[in-house]
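> Whatever this is, show me its structure:
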Amino acid sequence: MQELKEKRNRTNYRGSRGQWLGSEIPNPFGSCLFCKDCGSRLTPIKRQTSSRERKYYICTTYNTKGRRYCAKAHLIEEEDLMDDVLTYIKMCRNALCEVIATYDLKDFEAEKKSLEEKRQDLYTEINDRKNQLKVLLTQKVKDVASAAGNEDLVKEAYDSLQKDLFAQIHGLEMQLKELDETAVETPDVKDKLKNALDVVDKIIAGGTLNRKDIELLIERIEVDENGMPEIALKYGLSNLITYSPAEEMNRRENTIIAIVMKLVGEDDRGYTSAKYLSEHITKLGLKKTKQSILPYIELMKDLGILEDTDNSLKPYNILKSKEEIAALACKYVPDSSKSSAKELSDEYLHCYCGNRRHA
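As a prediction, this is how the structure comes out:
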């Protein structure tokens, strides 16, 4: 069993939780990221595609046991998750400046266990999993002996449970290794962080979160079946402001719809095309190809703004006036009737630094 365990560790067994698979980079969200439906932790995975390197999280139960035990993958890209958490923290900083400022830095430090306490907790969990494995192997031998003709089915069921325990043990051991390599914060850094608000500002200024930042501020993150995270902050901050990534994505998409409508309204030729719209929205700073602009054109056809023609050079006639289009755009972005496409895009770029890949 030890030999099998070591072999799985060397070959980056897919259930490993302590690091990105195939990498020595620590998993920053390992302590707080869970599946909303089955409650298991999310496994970090790194994959190299033809165009980029993907880092994402997936439900451990789904990944190791299949959809019979958890129906959905609950997959979320690491980049998307980091953006959502940072957006939430920024909202808390802006909306709750005075409230956060009242927290003393000692309140934050009280949440952090000492290294020795964390180490002992990990040793306890590792020993607990090893004891579970011993019991499991003993029971496996008994059940295989009494399973006349069904030995393969029994072995398959126990193998799945063994894999999950091996994954948990390996993940805990990686956390222990990371903890042993963690350097204690130097006094001069602590002196600069006079209060909790300075902690939040430091994290926001960095533009990303490391594991220390996450352990300091994040209580728990649950990812639903659509890959949307529900973020709970420590110190009761989550009770003071709400943030929904799904609603945030919807606001972004509505803004892009309104910008495309404005571009159509500002086109004085009486007709438009996917090429024209994609070129102009890209000039505004929102890169859209001809293919990606087609869904917006279909929406405007449904709204009676555009209609198809038989002329490939003038593929869509504009049916409504600039004022009528502006009124329709207000349904997606209120108070935008007097704004131009450029003004809306500038506001979009100011509010949203990035855009979720699957928005």
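> ok, now which ones touch the most centrally placed residue in the chain?
Residue closest to the average C-alpha location in the chain (Cα atoms, centre = their mean): L81, at 2.2 Å. Applying Cβ atoms under 8 Å, 6 or more residues apart in numbering to L81 gives the contacts 29, 33, 57, 221, 229. Backbone N, C-alpha and C define where each C-beta goes, glycine included.
> Could you say which of these is surrounded by the most neighbours?
Neighbour counts for the contacts of L81, by other Cβ atoms under 10 Å, peak at Y57, which reaches 28 neighbours.
> Surely it and C32 touch.
No. When contacts are counted by Cβ atoms under 8 Å, Y57 is not listed as touching C32 (11.4 Å).
> Any chance of the contacts of L81 in a markdown table with pLDDT as columns?
Shown next, in a markdown table, are those (pLDDT from 0 to 100):
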| residue | pLDDT |
| --- | --- |
| F29 | 85 |
| L33 | 90 |
| Y57 | 91 |
| I221 | 92 |
| P229 | 89 |
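> Out of those, which comes closest to A326?
P229 (35.2 Å; Cβ to Cβ).
> Please name the bridge partners of the closest one.
V223 (DSSP bridges).
> how near is it to R47?
20 Å (Cβ to Cβ, to the nearest Å).
> What score does the residue sitting furthest away from the middle of the chain have for pLDDT?
Most distant from the centre of the chain: A148, at 47.2 Å, with distances by Cα atoms, centre = their mean. pLDDT recorded at A148 is 75.
> Which secondary structure state is assigned to it?
A148 falls in the coil class when you classify it by DSSP: H, G, I helix; E, B strand; the rest coil.
> quick one: it from V85, how far?
Distance from A148 to V85, by Cβ to Cβ: 53 Å.
> what do you get for D201?
16 Å.
> more crowded one of the two?
V85 (26 against 14).
> which ones are touching that one?
Here V85 is in contact with 209, 214, 218, 221, 229, 231 (Cβ under 8 Å, 6+ apart).
> try Y69
Applying Cβ under 8 Å, 6+ apart, the residues contacting Y69 are 38, 61-62.
> Those residues in helices, which ones?
If you go by DSSP state H, these have 61-62 in helices.
> E298: which of the contacts of Y69 is nearest?
Nearest member of those to E298, counting by Cβ to Cβ, is Y62, at 33.5 Å.
> how many neighbours does that closest one have?
Neighbours around Y62, by other Cβ under 10 Å: 23.
> three-state assignment of the residue nearest to it when sequence neighbours are not counted?
Spatial nearest neighbour of Y62, excluding adjacent residues (Cβ to Cβ, 6 or more residues apart in numbering): C70 at 4.4 Å. Judged by three-state DSSP, the three-state class of C70 is coil.
> What does the pLDDT read for C70?
89.
> go on, A359?
The model's pLDDT for A359 equals 34.
> Repeat that for P334.
87.
> my read is T43 is in a helix, agree?
No. Counting by three-state DSSP, T43 is not found in a helix; it is strand.
> now the end-to-end length of stretch 58-78.
Using Cα to Cα, to the nearest Å, one end of stretch 58-78 lies 10 Å from the other.
> My error: substitute stretch 55-66 in the last question.
20 Å.
> Please state the offset of it from the chain centre?
The chain centre lies 14 Å from the centre of stretch 55-66; the measure is Cα atoms, centre = their mean, to the nearest Å.
> Excluding chain neighbours, give the residue nearest to S292 in space.
S278 (7.4 Å).
> Report the contact partners of that neighbour.
288-290, 292-293.
> Likewise for T282?
Counted by Cβ under 8 Å, 6+ apart, T282 has contacts K288.
> how near is it to Y276?
Applying Cβ to Cβ to T282 and Y276 gives a distance of 11 Å.
> How about exporting stretch 294-303 as CSV, limited to the C-alpha atoms?
Presented in CSV, the C-alpha positions along stretch 294-303 are these (Å, rounded to 0.1, in the frame of the first residue of the first chain):
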residue,chain,number,x,y,z
LEU,A,294,-23.7,37.6,-33.9
PRO,A,295,-25.7,36.8,-30.7
TYR,A,296,-26.2,40.5,-30.1
ILE,A,297,-27.4,40.9,-33.6
GLU,A,298,-29.8,38.1,-33.2
LEU,A,299,-31.1,39.8,-30.0
MET,A,300,-31.6,43.1,-31.9
LYS,A,301,-33.5,41.2,-34.6
ASP,A,302,-35.8,39.8,-32.0
LEU,A,303,-36.3,43.3,-30.6
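> All set, thanks.
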